[in-house]
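# turn this into a structure:
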Amino acid sequence: MPSPQQSAPLVEQLFRVAVSLEPSIEVTYHGQRLSSALLAGGVDTSSVTEHVDRIITHMAAWDGVAADAFQNYVKSFARAGTLQRELVVSLAITLEAQLEIRRRMLTDVWQIGQTTLTVLDVLDDWCMSKEGAVAALTIVGAIAAVAVTLAVGGPGAGATAAVGAVNIVTSLLGAPGPDKAEAQISGATVPPVIESMAAALTRVWLSIDEQQKTVRQCLEQLSAALDRNRRYLQPALPASVSALATADVPTLDAGMQFYDR
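Got it, this is the predicted structure:
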């Protein structure tokens, strides 16, 4: 199985997209704070909404049916930017949950194996006393441990971006649950020790399956949200505007569709 760390950069890249859409956002996960300066790379610190406001201000003196349609088209990008940000953040959180399940699975399988070897090493052929040790299991709390904080408006703003699609993910993944569990590896002879090891591995597998069902539920709901909002994610240019794409100034003025009053 590939190391989950190989996919970790993809999580950060998704957050970079979110910050490109809203540079004032501050992302914190696994105790690591990703500021806009780090994520946006100093390219442009203006949000989509700010760009929209600039265009609308520039168009203040423009009038006509096509001009009004174009203004409404430009304004729709503010909503589109918010929805796109919500989508990529949701995907980042869901991917991080999946990676955390894999990380903990690998850790727990290794721990069970090492604990089993320890118990087998101390078995005495001449003494049938039961030997045992406890293997700590972390897999049971994998997705609940994925805590992502999103602050919009700069450090200390206090406003969280847990709305819309992000709310779907955080409500499903953030359900409280046990952070750790224990598996007893024991036996007086080799067969029962191996049986207890197999039981511990089965417990890990069942926990993986249960939590991956939750991740799948997140993706299904995100897919449904995407279908509901698809027309808002990428606004379509109005026909009254696209029809004038190659028109010259006299044509625009004559038709009173797109002119400077």
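# distance between the ends of stretch 240-252?
Distance between the two ends of stretch 240-252: 12 Å, counting by C-alpha to C-alpha, to the nearest Å.
# and that stretch, which residues are buried?
S240, V241, L244, L252 (16 or more other C-beta atoms under 10 Å). In this view, the C-beta of every residue, glycine as well, is placed from N, C-alpha and C.
# what does stretch 96-115 give?
96-105, 108-109, 111-112, 115.
# ok, longest helix in the chain?
helix 65-121 (DSSP state H).
# counting contacts, what elements does the strand or helix carrying F15 pack onto?
Following DSSP states H and E, one finds F15 within helix 8-21. Helices and strands touching helix 8-21, by 3 or more C-beta pairs under 8 Å, 6 or more residues apart in numbering; DSSP states H and E, are strand 26-29, strand 32-34, helix 36-40, helix 65-121.
# which intervals of this structure have sub-threshold pLDDT?
The chain contains residues with pLDDT under 70 at 1-2, 29-45, 124-129, 147-180, 255-256, 259, 261.
# if we use 50, what do you get?
Judged by pLDDT under 50, the chain has its weakly predicted residues at 38-40, 154-163.
# could you export the helix holding F15 as PDB, CA atoms only?
This file holds the C-alpha atoms of helix 8-21, laid out as PDB (Å, rounded to 0.1, in the frame of the first residue of the first chain):
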ATOM      1  CA  ALA A   8      -0.800  14.600   1.700                       C
ATOM      2  CA  PRO A   9       0.400  17.400  -0.700                       C
ATOM      3  CA  LEU A  10      -2.900  17.100  -2.600                       C
ATOM      4  CA  VAL A  11      -4.700  18.200   0.600                       C
ATOM      5  CA  GLU A  12      -2.600  21.300   0.800                       C
ATOM      6  CA  GLN A  13      -3.100  22.000  -2.900                       C
ATOM      7  CA  LEU A  14      -6.800  21.900  -2.500                       C
ATOM      8  CA  PHE A  15      -6.500  24.400   0.400                       C
ATOM      9  CA  ARG A  16      -4.400  26.600  -1.900                       C
ATOM     10  CA  VAL A  17      -7.300  26.700  -4.400                       C
ATOM     11  CA  ALA A  18      -9.600  27.800  -1.600                       C
ATOM     12  CA  VAL A  19      -7.200  30.600  -0.600                       C
ATOM     13  CA  SER A  20      -6.800  31.700  -4.200                       C
ATOM     14  CA  LEU A  21     -10.600  32.300  -4.100                       C
END
